[in-house]
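>>> Fold the following.
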Amino acid sequence: MRLEQLINKYYDSLNENDLYVISFISQNLELCGDKTVSEIAQYSNVSASTIIRMVKKLGFKGYSEFRYFLKEEIKSMENTKVSSNDYFNSSTVLEDVKATIRLFEQDKSAEKIYELMVSSKRIFAYGTGYGQGLMLSEFSRCLMNSNIHLIIIPSKVELELIAQSITSDDLLFIIGLSGNVDSIEPVLKSISLKGTPMVSVTVFSRNTLSYLTDYNLYYQVSNMNKTSNLNNTSFCTLNLVLSLLYEGFINYSKDHPQSFLQEE
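Numbers count the residues shown, from 1 in each chain. Model prediction:
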């Protein structure tokens with residue numbers, strides 16, 4: 001699991017000091033990778049005990065285990081570095097594809113998502129933009145091969161309407177890019193209160209959508225327009241992660257045929 005994923009997973013238990021320390025470390029990974037907790041405390045101007053409490057909130061036994069994790073994080077980042085060329089470069093897309101596959105392989109929640117896809121009475125999906133909606137249409141077409149009907153929610157108005165009747169027996173996919181969902185955050189919170197499982201699919205980063213949902217799938221996009229916060233290249237890696245989810249579901253259904261028989 002990557003650092004960003006850990007932050008999303010344990011975000012609710014982190015206070016302002018924790019987030020400050022994490023932000024400092026994430027922005028200075030190479031500096032922090034081989035430093036002691038006392039040195040990091042000095043650099044970040046907090047106490048060593050504050051850092052130790054923070055790493056324990058992230059699931060580590062102590063700072064030594066966390067420092068080993070940071071070293072692995074640095075290695076992983078070095079392996080996924082891409083060209084800073086502002087023009088389209090096929091190697092950029094290739095690295096994004098490799099990183100997306102790696103993120104999916106490292107994710108431990110996929111099987112639970114497959115279980116929910118089988119057991120849920122209804123499966124809804126909402127795309128936060130036009131491109132995301134196009135990718136959902138293809139995902140829906142693929143799922144029909146397994147007799148899974150994906151109900152695509154076309155707009156915010158319909159999402160608000162569905163929020164009134166959705167239940168804990170349903171499943172909701174939210175497909176986004178940056179994960180900034182200010183306009184629908186109240187609706188998602190109301191759905192969450194009903195106990196409806198939610199799965200987010202976003203670019204790999206700390207983002208609001210990941211905090212609001214139960215399960216998070218990520219894809220890599222390197223070529224982002226800093227002004228519009230939109231993808232400069234294509235939605236190929238979003239399509240890829242949905243394809244990986246579909247292929248994984250197909251394999252899951254072959255290994256668990258009894259689940260489908262019970263549903264029927």
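
>>> gap between L103 and F204?
Separation of L103 from F204 (C-beta to C-beta, to the nearest Å) stands at 6 Å. For glycine as for every other residue, the C-beta is placed from the backbone atoms N, C-alpha and C.

>>> where do the contact lists of these two overlap?
Residues touching both L103 and F204 (C-beta atoms under 8 Å, 6 or more residues apart in numbering) are 2, 218-220.

>>> could I get these as JSON lines with pLDDT, secondary structure and neighbour count?
Output for the shared contacts of L103 and F204, formatted as JSON lines (pLDDT from 0 to 100; DSSP: H, G, I helix; E, B strand; the rest coil; neighbours: other C-beta atoms under 10 Å):
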{"residue": "R2", "pLDDT": "76", "secondary structure": "coil", "neighbour count": "18"}
{"residue": "Y218", "pLDDT": "91", "secondary structure": "strand", "neighbour count": "25"}
{"residue": "Y219", "pLDDT": "91", "secondary structure": "strand", "neighbour count": "25"}
{"residue": "Q220", "pLDDT": "88", "secondary structure": "coil", "neighbour count": "23"}
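
>>> any chance of the residues you listed in a markdown table, plus distance to A110?
Shown next, in a markdown table, are these (distance: C-beta to C-beta, whole Å):
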| residue | distance to A110 |
| --- | --- |
| R2 | 16 |
| Y218 | 12 |
| Y219 | 14 |
| Q220 | 17 |
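
>>> And those residues, which is closest to Y246?
Comparing the shared contacts of L103 and F204 against Y246 with C-beta to C-beta places Y219 closest, at 14.0 Å.

>>> The closest one contacts S205, correct?
No - with contact defined as C-beta atoms under 8 Å, Y219 does not count as touching S205 (10.6 Å).

>>> continuing past the helix or strand hosting E95, what's the next helix or strand?
Per DSSP states H and E, E95 falls inside helix 90-106. Next helix or strand after helix 90-106 toward the C-terminus (DSSP H and E): helix 110-119.

>>> Same question for that next one: list its buried residues.
Across helix 110-119, burial judged by 16 or more other C-beta atoms under 10 Å covers 110, 113-114, 116-118.

>>> Before I go, just wanted to say thanks for your time.
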